[in-house]
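Chemist: pasting the structure only:
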Ligand SMILES: [Zn+2]
């Protein structure tokens, strides 16, 4: 199954792609983000993915790579 419109560079930073249209750094950041959502959802009972991303970006301890991926996902949703 070949996807026709695979971008050739990371959709966040433009570096060479490692996996899923993201470079190694942002692919790892996205995995961390997804794992974090599972934890937050359990902790908060109900939390939408969008709310989670907004909260994550607002946190000072969120790494720049994770925040960049979160912002990009939110942009795509709008
Ligand atoms: Zn990247």
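Modeler: Sure thing, it's come through. Given the structure is predicted, the values throughout are model-derived calculations rather than measurements.

Chemist: Leaving aside the residues adjacent along the chain, what's closest to residue 19?
Modeler: residue 27 (4.8 Å; Cβ to Cβ, 6 or more residues apart in numbering). In short, each C-beta sits where N, CA and C put it, glycine included.

Chemist: make that residue 16, sorry
Modeler: residue 23 is the one closest to residue 16 (Cβ to Cβ, 6+ apart), at 6.1 Å.

Chemist: buried sites along whichever helix in the chain runs longest?
Modeler: If you go by DSSP state H, the chain has its longest helix at helix 24-44. Using 16 or more other Cβ atoms under 10 Å as the test for burial, helix 24-44 gives 25, 26, 27, 28, 29, 30, 32, 33, 37.

Chemist: Return the residues of the chain in contact with the ion.
Modeler: Residues of the chain found near the ion (Cβ under 5 Å from the ion) are 10, 12, 13, 15, 23, 26.

Chemist: separation between the residue nearest to residue 19 and residue 36?
Modeler: Going from residue 27 to residue 36 by Cβ to Cβ, to the nearest Å gives 15 Å.
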